[in-house]
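[1] give me a 3D structure for the following:
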Amino acid sequence: MTPCAPDVWSVVSGERYLEISQDASAFYFDCPDEDYPFWVNYFDLDTDYGAYIASVRKRDSYLTAAAGAGSGIRILRQDVWEMIVTFIISQQRTIPKIREAVEALSCRYGVRKEAVLSGGAARVYYTFPTPGQLGSASLDELKALKLGYRASYIHRICEDAVQGRLDLDSLSGMDYEHAFEYLTGFYGIGAKIANCVCLFGLHHINAFPVDTWISQILMEHYYPKNPKKYRALPKSRLYEALIQDYFGGYQGYAGVMQQYIFYYERKEAGNGTGRRTVRL
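    Next up, the predicted model:
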């Protein structure tokens, strides 16, 4: 989501454009009537997230506070190809730099479009480039967009997609375990990126990405609950054990809980909400 003005945001997905405005009590979607069902699905508005919050164990005071603070967060149903490239870009980068890189790729290799809003105002926007469009970029051209070492990852994943080694249609039909295994077989995609793609691009809301923020939360709030057990584990198994012990009970939607604690920790630190969630 990109701010257009105070309390107004723009969203582009595929060839569709949406503007969202806000007042004290509601959000408003400005888009063609035929696109409205798409955006309802995109923001996962038909899912009862209140039930997820209600399921939080009361004895877990940290998660209870996080879920309360994050009430309104939803897991967006985003395009899987865009998520693959975006999360490759995201490695060791700040949110503004990620947004800047995605916009640069779209302006350079996407398609220029124009949307007409309900009041008659026109908006120019650019679609996120398809594998074929982005695959037309040379490695040097990608490096010129200040992508650093990520340029080689993007260049290779475009080749894989264009040549059929990365089958996006097949990926979209895979369950979480198979999708994760499939994604980690590609150059530049490790466990964290694969889990992010599963969560935000494939809507496998049981995926639980572990980044710096999540690892700090696990170690600060959950490791001390049973330090003797966790001290005996090798580091390669530590986070997996912590997630299983304290989030395994949220079978099928642990990723929602991950977003609550991620948002809460960022909010408490005064650093914003993160890039992949939206409050509605």
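[2] for Ile88, pull up the helix or strand it's in.
    helix 80-89 (DSSP states H and E).
[3] ok, and what's touching that helix?
    The contact list for helix 80-89 (Cβ atoms under 8 Å, 6 or more residues apart in numbering) reads 13, 98, 101-102, 105, 128, 130-131, 134, 147, 150, 153-154, 157, 161, 168, 171-172, 183, 188-189, 193, 196-197, 200-202. Quick note: C-beta positions are derived from backbone N, CA and C, even for glycine.
[4] domain assignment for the protein?
    As assigned by automatic domain parsing, the chain contains the domains 57-75+205-267, 79-204.
[5] will you turn these into TSV that also has mean neighbour count?
    Putting the domains of the chain into TSV (neighbours: other Cβ atoms under 10 Å) gives the following:
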stretch	mean neighbour count
domain 57-75+205-267	17
domain 79-204	17
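[6] next, format those as CSV and append distance to Tyr49.
    Formatted as CSV, the domains of the chain follow (distance: least, Cβ to Cβ, whole Å):
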stretch, distance to Tyr49
domain 57-75+205-267, 6
domain 79-204, 13
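[7] dump those into JSON lines; add distance to Tyr17 and mean pLDDT as well.
    Shown next, in JSON lines, are the domains of the chain (distance: least, Cβ to Cβ, whole Å; pLDDT from 0 to 100):
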{"stretch": "domain 57-75+205-267", "distance to Tyr17": "20", "mean pLDDT": "96"}
{"stretch": "domain 79-204", "distance to Tyr17": "4", "mean pLDDT": "96"}
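[8] closest to Phe29 out of those?
    Closest of these to Phe29 is domain 79-204, at 9.9 Å (criterion: Cβ to Cβ).
[9] now do that closest one: distance to the chain's middle.
    Distance of domain 79-204 from the chain centroid (Cα atoms, centre = their mean, to the nearest Å) equals 11 Å.
[10] re earlier: what about the contacts of helix 80-89, which are in helices?
    Those of these mapping onto helices are 98, 101-102, 105, 131, 134, 150, 153-154, 157, 161, 168, 171-172, 183, 193, 196-197, 200, per DSSP state H.
[11] which residues of the stretch 1-150 of the chain fall in helices?
    Assigned by DSSP state H, counting those that start in this stretch, the stretch 1-150 of the chain shows helices spanning 36-42, 49-54, 61-69, 80-89, 95-109, 131-134, 139-144, 150-162.
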